[in-house]
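A.B. asks: predicted coordinates and the sequence they were generated for:
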Amino acid sequence: MAPKAKAGASGGKAAAGKGGGDSGKGKGKGSKEGLGTCTYVKARHILCEKQGKIQEAYKKLQEGWLNAGDKVPPAEFGKLAMEYSECPSGKKGGDLGWFPRGKMAGPFQEVAFATPIGELAPPFKSTHGYHMIVVEGRRN
């Protein structure tokens, strides 16, 4: 089940890197990878109540991929989501599927729709706890 965040976010700039993982579908027109123009995003996330737990998961991603300049493979992110996420979607590797603009509220939506395909959004806070998002696709 997808979280519905309301307010109080910090952060939102995605970690940059090299690598693959872009399906190429659903890119919007006029901006990098459709940022700001798409109406649907496909994403995975990890939700933790405690900041220390999300930072621990993020550190594993940094050590495994981000520090080397690589993108985090969705399957590896999914394994971490099964281990760390406190959201019911964690059992599905954090997979939220496709969701439209307006379904998620507040900072969660802002970060999801601002993160380029294949990029990992660093931890940020919502009213539900601390999240990390990896975007897998965009479409209109």
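C.D. replies: Structure's in. What do you need?

A.B. asks: could you pull out the helices for the chain?
C.D. replies: According to DSSP state H, the chain carries its helices in the segments 51-64, 74-84, 106-114.

A.B. asks: tell me where the model's unsure across the chain.
C.D. replies: 1-37 (pLDDT under 70).

A.B. asks: biggest strand in it, by residue count?
C.D. replies: Secondary structure of the chain per DSSP state E: the longest strand is strand 129-139.

A.B. asks: residues of that strand that come out buried?
C.D. replies: Under the neighbour-count criterion of 16 or more other CB atoms under 10 Å, strand 129-139 has Gly129, Tyr130, His131, Met132, Ile133, Val134, Val135, Glu136, Gly137, Arg138, Arg139 buried. Heads up, the C-betas are built off the backbone N, CA and C, glycines and all.

A.B. asks: can I get the CA coordinates of that strand in CSV?
C.D. replies: C-alpha atoms of strand 129-139 as CSV (Å, rounded to 0.1, in the frame of the first residue of the first chain):
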residue,chain,number,x,y,z
GLY,A,129,8.5,8.7,8.8
TYR,A,130,11.6,8.6,6.6
HIS,A,131,11.6,7.5,3.0
MET,A,132,14.0,6.7,0.2
ILE,A,133,12.6,6.5,-3.4
VAL,A,134,14.0,5.0,-6.6
VAL,A,135,12.1,5.9,-9.7
GLU,A,136,11.7,3.2,-12.3
GLY,A,137,9.6,4.9,-15.0
ARG,A,138,7.5,7.8,-16.1
ARG,A,139,4.5,8.1,-18.5
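
A.B. asks: perfect, that will be all.
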